[in-house]
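Undergrad: Could you look at this predicted model? Sequence included:
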Amino acid sequence: MAVRVQSEDFDAGREIAAMRAGNAQVGAVAAFVGVVREMNDGSAVADMELEHYPGMTEKAIAKIIDQAKSRWNIFDVMVVHRVGRLKPTDQIVLVVVSSAHRGDAFEACEFVMDYLKTRAPFWKKEQTPQGARWVESRASDDVAAGRWNVKA
Amino acid sequence: MAVRVQSEDFDAGREIAAMRAGNAQVGAVAAFVGVVREMNDGSAVADMELEHYPGMTEKAIAKIIDQAKSRWNIFDVMVVHRVGRLKPTDQIVLVVVSSAHRGDAFEACEFVMDYLKTRAPFWKKEQTPQGARWVESRASDDVAAGRWNVKA
Amino acid sequence: MLPVAHNIQMVTLIYFARLRESLGTGSEQVALPAGVRDLDGLRAMLMARGGAWASELAGTKPVRAAVNQDMAQGDTRIGDGDEIAFFPPVTGG
Amino acid sequence: MLPVAHNIQMVTLIYFARLRESLGTGSEQVALPAGVRDLDGLRAMLMARGGAWASELAGTKPVRAAVNQDMAQGDTRIGDGDEIAFFPPVTGG
């Protein structure tokens, strides 16, 4: 398991390669990259600032990974989440899951993303032509996380 | 849409970056890498030969991508599938899907993989200590593909 | 009046993977007899060759087929110029 | 006999995102009054400050809390030395 919270960009290809290296039983790697969009909720986004809760962030993500490992037959999970100033087309988050078979890899990867969205202490503030605004959480994210039937 | 059938290895990171480039509305990229496992169905695999049906392969994959595009709100799909001689830890297949939101990207990516497994004309022959053997299709793959309710 | 040659329907048959090895051939050109106009008819015609043809195409081991590079069923029509492939269930990905 | 100072329960409060800006502070140390032993009690104590404290913590806008870096509920117990954070629903990923 690896969790990194950083302002620097990441190389998804390198992280995927690292998850395969050294384990010849890996048959499947599922990966997700979240990207800053130019338009969000109808407004043009010039850039954004990602704030987080140092200490709790890593702990919350580690807990999500532990849950994924207890629910699915997976080898490893790695999460990189950026903080600080980001602009459209920048990468925000990477989740990579390795497994013997694809079903487990896909589900665990989506589970980790859904829980990151509702459990990991990050907050986005967008700069738009109408001024700065804190992004509001989406009900659809709670729904997405809720379908996994995990207790809070 | 891009479909490549090739004997050369691929760079998942470069393909993921290409799917993000030039579209500032991409908010989510889901990717899957299939890898040759050292053990399969209880036998050690020394290497394998991937045979395909040139012409039909590209056509079958393009059709799967078209179906994914008609079912989910996605921007683009790219598939790279290797053929020829491969050994454990080698990459076999890459599927990358870009979308505005993660739910569509994840589902379309898994759909394309499930359909590749049951509809795209590739056949694996493994070399094991017990001799060469054609890999048999798995009932679980038909089940995985069947859950998407697509007509053949 | 049409020339007689016009009625000869030639098709290309292709075999993959286990079938290619068992049948000992990767492809062939065959003329369809007058009564053979769908995949089931073609399969019966090939099984009549006996030996590996009979055992591989009997359906005891699963066989799939494509006509002109599209997955096809037993009642799929076939005719002059078609490319018809027989193969085991696919195992890529 | 224990020194009186032993009964003073000091906690660290941290505020994030919209709350940090509205409240005009990122963190503070406070002493918990004798009757305040859970998150709901602490929230009531902070709302009594009025102004942004009352409006931000009333629950009309959603607020979440963590105790010692674990997500917590209104009835989560708090005590000496705890780190308690208030923040809006998270929006990372």
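TA: Looks like it arrived, so ask away. Numbering: from 1, shown residues only, chains lettered A, B, ... in the order given.
Undergrad: What does the residue nearest to residue A:102 when sequence neighbours are not counted show for phi and psi?
TA: Closest residue to residue A:102 apart from its sequence neighbours, by C-beta to C-beta, 6 or more residues apart in numbering or on different chains: residue A:28 at 4.2 Å. C-betas here are computed from N, CA, C, even on glycine. The phi and psi torsions at residue A:28 (degrees, to the nearest 10) take the values phi -150, psi 130.
Undergrad: again, but for residue A:46
TA: According to degrees, to the nearest 10, residue A:46 has phi -80, psi -50.
Undergrad: Which residue comes closest to it once chain neighbours are left out?
TA: In space, residue A:46 is closest to residue A:127, 4.4 Å off (C-beta to C-beta, 6+ apart).
Undergrad: so where does that neighbour fall, helix or strand?
TA: Assigned by DSSP states H and E, residue A:127 belongs to strand A:122-128.
Undergrad: now do residue C:42
TA: Secondary structure (DSSP H and E) places residue C:42 in helix C:39-47.
Undergrad: what's the next secondary structure element after that helix?
TA: Past helix C:39-47, the next helix or strand by DSSP H and E is helix C:51-57.
Undergrad: and chain A, which of its residues are near chain D?
TA: Neighbours of chain D within chain A, by C-beta under 8 Å from any C-beta of the partner chain: A:34, A:50-53, A:55-56, A:59-60, A:81, A:92-93, A:113, A:116-125, A:134-137, A:152.
Undergrad: Derive a PyMOL selection command for the buried subset of those.
TA: Remark: buried members of the residues of chain A next to chain D, expressed as a PyMOL selection using 16 or more other C-beta atoms under 10 Å in any protein chain shown:
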select buried, chain A and resi 34+50+51+52+53+56+59+60+81+92+93+113+116+117+118+119+120+121+122+123+124+125+134+135+137
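Undergrad: Which ones among the residues of chain A next to chain D lie within strands?
TA: Judged by DSSP state E, the residues of chain A next to chain D include A:34, A:50, A:51, A:52, A:81, A:92, A:93, A:122, A:123, A:124, A:125, A:134 as members of strands.
Undergrad: Give me the nearest residue to the residue of chain A at minimum distance from chain D, chain neighbours excluded.
TA: For chain A and chain D, the shortest gap (C-beta to the nearest C-beta) falls at residue A:122, measuring 2.5 Å. Spatial nearest neighbour of residue A:122, chain neighbours left out: residue D:92 (2.5 Å); criterion: C-beta to C-beta, 6+ apart.
Undergrad: That neighbour and chain C: what is the separation?
TA: 32 Å (C-beta to the nearest C-beta, to the nearest Å).
Undergrad: neighbours around that residue, how many?
TA: Residue D:92 has 27 neighbours, counted by other C-beta atoms under 10 Å in any protein chain shown.
Undergrad: Might one say that it is in contact with residue A:53?
TA: No - the pair residue D:92 / residue A:53 is not scored as a contact, 10.3 Å apart, by C-beta atoms under 8 Å.
Undergrad: before we move on, the earlier item: residue contacts, the residue nearest to residue A:122?
TA: Residue D:92 makes contact with A:50, A:52, A:81, A:92, A:93, A:116, A:117, A:120, A:121, A:122, A:123, A:124, according to C-beta atoms under 8 Å, 6 or more residues apart in numbering or on different chains.
Undergrad: While we're on the closest residue to residue A:3 other than its chain neighbours, how confident is the model there?
TA: Once flanking residues are discounted, residue A:3 sits nearest to residue A:61: 4.7 Å by C-beta to C-beta, 6+ apart. The model reports residue A:61 with a pLDDT of 97.
Undergrad: now chain A, which segments are flagged as low pLDDT?
TA: Chain A contains residues with pLDDT under 70 at A:151-152.
Undergrad: what helix or strand is residue 85 on?
TA: This is for chain A. Counting by DSSP H and E, residue A:85 is part of strand A:84-86.
Undergrad: Please refer instead to chain C.
TA: Using DSSP H and E, residue C:85 falls within strand C:83-87.
Undergrad: repeat for residue C:18
TA: Per DSSP H and E, residue C:18 falls inside helix C:17-23.
Undergrad: swap in residue C:36?
TA: For residue C:36, there is no host helix or strand (DSSP H and E).
Undergrad: Then residue C:89?
TA: Assigned by DSSP H and E, residue C:89 falls within no helix or strand.
Undergrad: list the contacts for it?
TA: So residue C:89 contacts B:118, B:136, B:137, C:62, C:64 (C-beta under 8 Å, 6+ apart).
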